[in-house]
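J.: quick check, what structure comes out for this input:
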Amino acid sequence: MKKSSSLLVMVLICCSALTFAQQKKSNTPAPAADTAKRPVPLAPRPPQTGPKPYKEVITDKAITRKGLFTVHKLDDKWYFEIGDTLLGRDVLVVNRISKAPINTRSGFFGYAGDEINENVIRFDKGPNNKIWLRNISYSVYSRDSSKPMYKSVQNSNIQPIAAAFDIKAFSKDSTGIVIDVTDFINSDNDILFFASFFKSSLRIGGVQMDKSYIADIRSFPINTEIKTVKTYNKMPAPSPFPGLATGPTGNATFELNSSLVLLPKEAMRPRFYDDRVAYFTTEYTDFDADPQGVKDISLITRWRLEPKEEDMEKYKRGEQVEPKKPIIYYIDPNTPEKWVPYLILGVNDWQKAFEKAGFKNAIIAKRAPTKEEDSTWSLEDARYSAIVYKPSEIPNASGPHVHDPRSGEILESHINWYHNVMSLLRNWYLIQASPSDPRARHAHFDDSLMGDLIRFVSSHEVGHTLGLPHNMGASSATPVEKLRDKAWVEEHGHTSSIMDYARFNYVAQPEDKIGIAGLYPRIGEYDLWSIEWGYKLLPGKTDDEEKAILNDLVKSHYGNNRLRFLHADGVDPRAQTECLGDDNMKANEYGIKNLKWIVPQLPKWLNEKGENYKTLDEVYDEVYTTFSRYIGHAVTHIGGVYTDLKTTDQDGAVYTVVPKAVQKEAMAFLQKNLFATPTWLLNKAIMEKVTSPVEDKISSLQDVWLGALLSPLRLQRLISSTNRDAQAYRLDEFMDDLKKGIWSELPARAPIDNYRRNLQKSFVERLSSLAANTPPAGGMGGGGGITISFGPSVEVRKTDIISVARGTLRALKAEIAAAIPAYGDKMSRYHLQDLNERIDRVLNPR
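T.: As a prediction, the model looks like this:
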């Protein structure tokens, strides 16, 4: 366009110059216009601006759909007719993938049903017949509009205008406006489509307009649904090596659905978060809450459950009533039929929890209606919550939810159910429960067993969509011996919360004869208590009164460990994933005993005629992963700190150092089960089928967890613990105990086998790194299916860590030097001579 304009200007200039030259050459003036004979032409009329009559914009040819916004389709144009009462109202926008390409996925993300963006928008009238679309944030807040602070907060937090529309017409009755949304929907914007983070994750670039279009727009009473097809450039993955292939490029075409849902005019009354009874939250900064500053406020996310008006007095009297609007989950119609009843049971299991909050039939699962039953029902419609079945090889499930940022009200949820989660369930149950349940001793479970396991996962994920996070501390409230008590564990369950990662009762031994009621997870005492705390209404109470009542309720339950919430921070050993009981070392001795019983039988159990050894390999690898978790549970005790969150009106410490006796018990467990080579894992009948001779999983496990023990952050916690408690496990004591076990051959001058030589080399290398204040060559490690995170860095040179590391190396060097002459075993002698020289180079660098 710019080139054409420039060319036209040049042509006009040239023509004018030529005319002027001709006039000058002839010396004759140009003829004057004969104004007396010719009428003066009128100037061209400017195009009409501003709104037109309704009938000129929305003609009889328009296809109209009424709902939240009345939607008109006219040829290739789409119009929204927005009532004046909706201007200034908050609208939640939820964007999801309806259909996904196969070559554009990133881990758990990129499947049909995945949410790709979420916004709150508002349509406002602007000047000059404009409509503004604003992107609304609730990150800061001042609730009292009569105070100067309210105006100040508003002035400093103006909501951005994301789009502008011309008013094309006013409604027939002048109670609304009509705007053309075609270009906005056809564009690539972050209101209706992918958030930039997800575009980066999926490696998609700009939209290709010629391969994208609006598929349909439907409108319902409280929501409008926009379906588009968008084709994006597929971006190559970054590569550190120029010229190497980095994955497919080309195009990626998605079908996307954007739900515009009207938020309630009156936000639900919020409930303030209490970290002693944890919920997922929505947060904002409040400028009114603290007269001398600001306060960060957290509101729990929960569904709006309210009694019907005619039942309010019954509710106040403590009678159970049905809510005005129950929580309903629909089962994706693409779900295999045989699993549908179990998914429904997993949802309905929560009904008893809501009964504690005063509601009956508060949560229900249903099959999705057929087209004949309801032609308007859609999985993408944001009015409906669903369990969405995804044909994915990812072994997982997840339970996200969408909530109103003003109040925390949960509006809907799409639980992600990945098909291959069943392989994960098979592995877990086979390894943890097969000693007690003969049905688990097969490569493929019968449908009734798999259905039970699906029901458990369904309940767990539904719990997330009710607002509940993981409670990894629930299982630590059960005494270990009760896990083997048939009557007790079948009555109470092996953990007090299904939101724990307790999985199955791996402590139970075959001789205990414990049935499935004592093996499966279930909705437990903590779950009932947390739903009661979060959902029980307190009509007629002010915010402050409600907060005080709930605080007293928490304090009255605080002494019951089975109603305790513990935050999994990697430091408190009571809140760990995949563990059981109040004594991890004792519980995991039972767990290892069961693993030793299982391993020799795996070739027989997993013998599938005509199949290769993939299943055996997978399950055998899961044995290593499970064993590694048991080891990790013990490691967390070293330098561990118990955290019991309290308010200022509660007595007792918040932080308590794990007692020395418990830490030493953990060290003894590690020496016995990890550093003394776990040869029971070296099953020849299995290894010759699935393990390459170059693999050394045991040495990898030993190195990883030794690195975890010697991480600077853990060593610094040992030092800090001694500062708090003179009786705590000292760093030098810990190091002596660790060295003594790993080097137990030296006093007896016993031969040192290959595994122990590798372990001892790892010990010297990691201590040398601490002594020299450099990272170890192999990093701090991760292996055996476990990724280890050591948190923030510690400046070793300024702590006792470097002193103890160097002192330990000096002592070890002296012991090695004294032992070398007595060793006739060549490999042991070479090994000791090598390490003696390595230590010398660290202590006496040249």
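J.: what is the burial count for the residue nearest to residue 177 when sequence neighbours are not counted?
T.: Excluding the flanking residues, the one nearest residue 177 by Cβ to Cβ, 6 or more residues apart in numbering is residue 167, at 4.9 Å. For the C-beta atoms, the positions are set from N, CA and C on the backbone; glycine is no exception. Number of residues near residue 167 (other Cβ atoms under 10 Å) recorded here: 20.
J.: now for residue 167: which residues touch it?
T.: Contacts here follow Cβ atoms under 8 Å, 6 or more residues apart in numbering; on that basis residue 167 touches 50-51, 129-131, 177-179.
J.: redo that, cut-off 10 Å
T.: Residues near residue 167 by Cβ atoms under 10 Å, 6 or more residues apart in numbering: 50-52, 57, 82, 125-126, 128-131, 177-180.
J.: go through the one helix or strand it maps to and flag the buried ones.
T.: Here residue 167, judged by DSSP states H and E, is contained in strand 161-170. Of the residues in strand 161-170, those with enough neighbours to count as buried (16 or more other Cβ atoms under 10 Å) are 162-163, 165, 167-170.
J.: sorry, back to before: which among the contacts of residue 167 end up buried?
T.: Buried among the contacts of residue 167 by 16+ other Cβ under 10 Å: 51, 57, 82, 131, 177-180.
J.: now, among the residues you listed, which is nearest to residue 333?
T.: residue 82 (33.0 Å; Cβ to Cβ).
J.: helix/strand/coil for that closest one?
T.: The local conformation at residue 82, judged by DSSP: H, G, I helix; E, B strand; the rest coil, is strand.
J.: may I ask which helix or strand encompasses residue 502?
T.: Using DSSP H and E, no helix or strand contains residue 502.
J.: how far out from the middle of the chain is the next helix or strand after the strand holding residue 167?
T.: Once the chain leaves strand 161-170, the next helix or strand it forms, by DSSP H and E, is strand 176-180. Put simply, strand 176-180 sits 39 Å off its chain's centre (Cα atoms, centre = their mean, to the nearest Å).
J.: for this structure, give me the ranges with low pLDDT.
T.: Within the chain, the ranges that satisfy pLDDT under 70 run 1-48, 107-108, 141-157, 237-248, 288-293, 694, 775-792.
J.: same thing but at 80, please
T.: For the chain, residues meeting the criterion pLDDT under 80 lie at 1-49, 102-110, 139-158, 236-249, 286-294, 380, 382, 392-394, 692-695, 773-793.
J.: domain-wise, how is it divided?
T.: Per the record, the chain has its domains at 55-262, 327-562, 696-843, by automatic domain parsing.
J.: for residue 555, which non-adjacent residue is closest in space?
T.: residue 650 (6.2 Å).
J.: state the distance from that neighbour to residue 276.
T.: 9 Å (Cβ to Cβ, to the nearest Å).
J.: now do the shared contacts for these two.
T.: Counting by Cβ under 10 Å, 6+ apart, the residues touching both residue 650 and residue 276 are 551, 554-555, 558, 644.
J.: let's have the residues you listed in TSV, adding distance to residue 394, neighbour count and secondary structure.
T.: Formatted as TSV, the shared contacts of residue 650 and residue 276 follow (distance: Cβ to Cβ, whole Å; neighbours: other Cβ atoms under 10 Å; DSSP: H, G, I helix; E, B strand; the rest coil):
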residue	distance to residue 394	neighbour count	secondary structure
551	41	16	helix
554	38	18	helix
555	42	14	helix
558	39	17	coil
644	36	16	coil
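J.: save these as JSON lines, and put in distance to residue 490 too.
T.: Formatted as JSON lines, the shared contacts of residue 650 and residue 276 follow (distance: Cβ to Cβ, whole Å):
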{"residue": "551", "distance to residue 490": "35"}
{"residue": "554", "distance to residue 490": "30"}
{"residue": "555", "distance to residue 490": "32"}
{"residue": "558", "distance to residue 490": "28"}
{"residue": "644", "distance to residue 490": "30"}
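J.: which one of those residues is nearest residue 259?
T.: residue 554 (36.5 Å).
J.: which residues touch the residue lying closest to that closest one once chain neighbours are set aside?
T.: In this structure, residue 554 finds its nearest non-sequential neighbour in residue 276, 5.2 Å apart by Cβ to Cβ, 6+ apart. Neighbour list for residue 276: 533, 551, 554-555, 557-558, 563-567, 644-647, 650 [criterion: Cβ under 10 Å, 6+ apart].
J.: please redo it, this time with the cut-off set to 8 Å
T.: 554, 558, 565, 645-647.
J.: quick check: the two most widely separated of these?
T.: With Cβ to Cβ as the measure, no two of these lie farther apart than 565 and 647, at 13.9 Å.
J.: mind listing the strands for the stretch 401-550 of the chain?
T.: 402-403, 409-412, 414-418 (DSSP state E, counting those that start in this stretch).
J.: before we move on, what SS does residue 283 have?
T.: State at residue 283, reduced to three classes by three-state DSSP: strand.
J.: that older thread, more neighbours, residue 565 and residue 647?
T.: More neighbours surround residue 565 than the other of residue 565 and residue 647, with 25 against 12 (other Cβ under 10 Å).
J.: and that one, that one's in a helix?
T.: No - assignment of residue 565 by three-state DSSP gives coil, placing it outside any helix.
J.: where's it relative to residue 500, distance?
T.: To residue 500, residue 565 is 10 Å away according to Cβ to Cβ.
J.: kindly report the same for residue 431.
T.: For residue 431 relative to residue 500 (Cβ to Cβ), the value is 18 Å.
J.: quick one: which of those two has more around it?
T.: Neighbour count, other Cβ under 10 Å: between residue 431 and residue 500, residue 500 has more, with 30 against 26.
J.: shouldn't that one be in contact with residue 477?
T.: No - the pair residue 500 / residue 477 is not scored as a contact, 9.9 Å apart, by Cβ atoms under 8 Å.
J.: hang on, residue 79 in a helix?
T.: No - assigned with three-state DSSP, residue 79 falls outside any helix and is strand.
J.: mind telling me what element the closest residue to it other than its chain neighbours is part of?
T.: Leaving aside its sequence neighbours, residue 79 sits nearest to residue 72 (Cβ to Cβ, 6+ apart; 4.2 Å). Residue 72 belongs to strand 70-74 when assigned by DSSP H and E.
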